[in-house]
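**Student:** Pasted the sequence and its predicted model underneath.
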Amino acid sequence: MPWELVIWIVSALMCLGLLTQWWWEPRAPFWLRRSMDSPWRWYLLGFPLTVLRIRWTWRRLCHTADLSVVRRPRYHVIGRNTIVKGSALRPTAPRLGVPRATMTGLSVRVHLHPGQTPREFIANAETFIHAWRVHSVRVISVKRGQVLIIATARDPLAQSAAWRRFPAPRLMAAVVGRTGDGSAWVLDFRKVPHWLVAGATQSGKSTLLASLVTELGAQPVALVGIDCKGGMELSLFARRLSALATNRAEAVELLTALVAEVERRMAVCRSAGVRSVWGLADDTRPVPVVIVVDEIAELYLAGTLAGRKEANECSTLLLRLGQLGAALGVHLVVAAQRFGSDLGPGATALRAQLGGRVCHRVNDESTAEMTLGDLSPDAVAVAQAITEEERGVAVTTIGGHWVRARSHLVTPDEARHYAEQNAHRTPDVPGLIRAMESGGDAA
């Protein structure tokens, strides 16, 4: 009797929730509809309904998708007659574990039959989506003989979803947005020193750079910009930048000064007997430097002989910074609309130093392949599936696997406001100022 009462109460609550969703939610005020989007709605209503749907359809779904295994019965042959003993032919579905709720969906482990591989379940991810009526399904092989199915109930990267700001976990870590599982999207330069950001026009690449500069601007970090498109993008943060190069000649002088700064830091670490600047005391450690290069093609492509000479110098200097800067507190963020071997051999060599990869919507497969292909080949197809309506959505590599993520939207007015608000945090780097004065107008 008590269990029957519990079942009746749960059924009544689920029916009440369905009635609320069907009739009351479209008529509720805006502030009340926003509160309904809280995770409690998923935990109390969406999760139980989805679990019931998964349990109800699992056996039939596995049979339809050829994920079941047919066990042959034992038989004996006596004379000319065949006597079959055992149960009839019946497909057996893989054993389904206990679903566990998350903030945006659920996860469940599946124990495979002998002879089954995770590739069969990965290929049927779309089948799970339609059968369970969820937003997305991802299948991961976490252990031999098991796969982990991660289902997302609704798109956590939708612009209409309520954004929640996450604090930066430590120095040189920037929270630039949110990942597909609802957690913070963190670019940690202590873990991954250099980053490559690819994306076509109006894909969200500039928004990601603005969010990154805004988050790092609140920290004691020297920000250096190279924007050879006349400074149209990075000039919004001019009050917070320690230096800004707006043409290739200024970029050569600025990169030369940065290489000299790296060599000076190498001498400091050598004399102190440490392997990186993070081994120095806080009062003697030089300020970290983050170099943001907006549109690398403007540096590498040139039509004149003098321009090609400057481009080769920029390529060599960037490669040296990528090779030496990780342990010395000098980090690169390179952005490109298109990144391929046509930029020259220096681009391919530089890509090997850029361990962090972010790929927005791109217009050609080669850019997605150059960005993600060597780290996560499966992510190339996911990046090409990003639509024009999903501005700011990107595919990035975190912890050895790819995830979908979306950056915070920072408007130009907000960018100027943040730059003025944090202008007092701009550190003085005399070498960069002298380089800019000798190469052109100071930033």
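**Tutor:** Thanks, I have it. Numbers count the residues shown, from 1 in each chain.
**Student:** any idea what the nearest residue to residue 237 once chain neighbours are set aside is structurally, helix, strand or coil?
**Tutor:** Counting by CB to CB, 6 or more residues apart in numbering, residue 419 is the residue found nearest to residue 237 once chain neighbours are left out, at 4.6 Å. The way it works is simple: take the backbone N, C-alpha and C, and place the C-beta from them, glycine included. The three-state label given to residue 419 by DSSP: H, G, I helix; E, B strand; the rest coil is helix.
**Student:** Hmm, residue 419 is touching residue 216, no?
**Tutor:** No. Using CB atoms under 8 Å, residue 419 is not in contact with residue 216, being 11.6 Å away.
**Student:** who has more neighbours, the two?
**Tutor:** Shown here are residue 419 and residue 216; by other CB atoms under 10 Å, residue 216 has more neighbours (29 against 21).
**Student:** List the buried residues in the helix or strand harbouring the more buried one.
**Tutor:** Per DSSP states H and E: residue 216 is located in helix 205-217. The neighbour-count check on helix 205-217 (16 or more other CB atoms under 10 Å) flags 205-217 as buried.
**Student:** could you dump the residues you listed to TSV with distance to residue 106 and pLDDT?
**Tutor:** Converted to TSV, the buried residues of helix 205-217 look like this (distance: CB to CB, whole Å; pLDDT from 0 to 100):
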residue	distance to residue 106	pLDDT
205	33	90
206	35	89
207	30	90
208	29	92
209	34	92
210	34	91
211	29	91
212	32	92
213	36	92
214	34	91
215	31	90
216	35	91
217	38	90
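**Student:** Dump those into JSON lines; add distance to residue 253 as well.
**Tutor:** Below are the buried residues of helix 205-217 laid out as JSON lines (distance: CB to CB, whole Å):
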{"residue": "205", "distance to residue 253": "26"}
{"residue": "206", "distance to residue 253": "25"}
{"residue": "207", "distance to residue 253": "29"}
{"residue": "208", "distance to residue 253": "27"}
{"residue": "209", "distance to residue 253": "22"}
{"residue": "210", "distance to residue 253": "25"}
{"residue": "211", "distance to residue 253": "29"}
{"residue": "212", "distance to residue 253": "24"}
{"residue": "213", "distance to residue 253": "22"}
{"residue": "214", "distance to residue 253": "27"}
{"residue": "215", "distance to residue 253": "28"}
{"residue": "216", "distance to residue 253": "23"}
{"residue": "217", "distance to residue 253": "24"}
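**Student:** And the residues you listed, which two are furthest apart?
**Tutor:** 205 and 217 (18.5 Å; CB to CB).
**Student:** ok, of the buried residues of helix 205-217, which one's closest to residue 389?
**Tutor:** Nearest to residue 389 out of the buried residues of helix 205-217 is residue 207 (CB to CB; 14.7 Å).
**Student:** Report the contact partners of the nearest residue to residue 311 once chain neighbours are set aside.
**Tutor:** Excluding its sequence neighbours, the residue lying closest to residue 311 (CB to CB, 6+ apart) is residue 302, at 4.7 Å. Residues in contact with residue 302 (CB atoms under 8 Å, 6 or more residues apart in numbering) are 248, 308, 310-311.
**Student:** how much space between residue 302 and residue 229?
**Tutor:** Here residue 302 is placed at a distance of 14 Å from residue 229 (CB to CB, to the nearest Å).
**Student:** now do residue 221
**Tutor:** From residue 221 over to residue 229 (counting by CB to CB), the distance is 24 Å.
**Student:** Run through this protein and note the low-pLDDT ranges.
**Tutor:** Counting by pLDDT under 70, the chain has low-confidence residues at 1-40, 71-89, 156, 158-168, 399-400, 430-443.
**Student:** most centrally placed residue in it?
**Tutor:** For the chain, the residue nearest the mean C-alpha position is residue 396 (3.4 Å; CA atoms, centre = their mean).
**Student:** Over to residue 317. Which of the three states is it?
**Tutor:** helix.
**Student:** residues in contact with the closest residue to it other than its chain neighbours?
**Tutor:** Of all residues not flanking residue 317 in the chain, residue 255 sits nearest, at 3.8 Å (CB to CB, 6+ apart). Residues near residue 255 by CB under 8 Å, 6+ apart: 226, 313-314, 317-318, 321.
**Student:** Also residue 289?
**Tutor:** Contact partners of residue 289, counting by CB under 8 Å, 6+ apart, are 221-224, 242, 258, 261, 325, 329-331, 429.
**Student:** Just give me the neighbour total for the nearest residue to residue 206 once chain neighbours are set aside.
**Tutor:** In space, and not counting its chain neighbours, residue 206 is closest to residue 233: 5.6 Å by CB to CB, 6+ apart. Neighbourhood size, residue 233 [other CB under 10 Å]: 21.
**Student:** what's residue 233 in contact with, if anything?
**Tutor:** With contact set as CB under 8 Å, 6+ apart, residue 233 has these partners: 206, 209, 227, 294.
**Student:** Surely the third one is in contact with residue 246?
**Tutor:** Going back to what we said before, that points to residue 227. Yes. Using CB under 8 Å, residue 227 makes contact with residue 246 at a distance of 6.0 Å.
**Student:** If you count surrounding residues, which of these two has more?
**Tutor:** For residue 227 versus residue 246, neighbours defined as other CB under 10 Å are more numerous around residue 227 (23 against 20).
**Student:** For the more buried one, what are phi and psi?
**Tutor:** Taking degrees, to the nearest 10, you get phi -130, psi 90 for the backbone angles of residue 227.
**Student:** Pull up the gap between it and residue 303, please.
**Tutor:** Using CB to CB, residue 227 is found at 20 Å from residue 303.
**Student:** do the same with residue 157
**Tutor:** Counting by CB to CB - residue 157 and residue 303 are separated by 40 Å.
**Student:** Could you do residue 409 as well?
**Tutor:** Separation of residue 409 from residue 303 (CB to CB): 36 Å.
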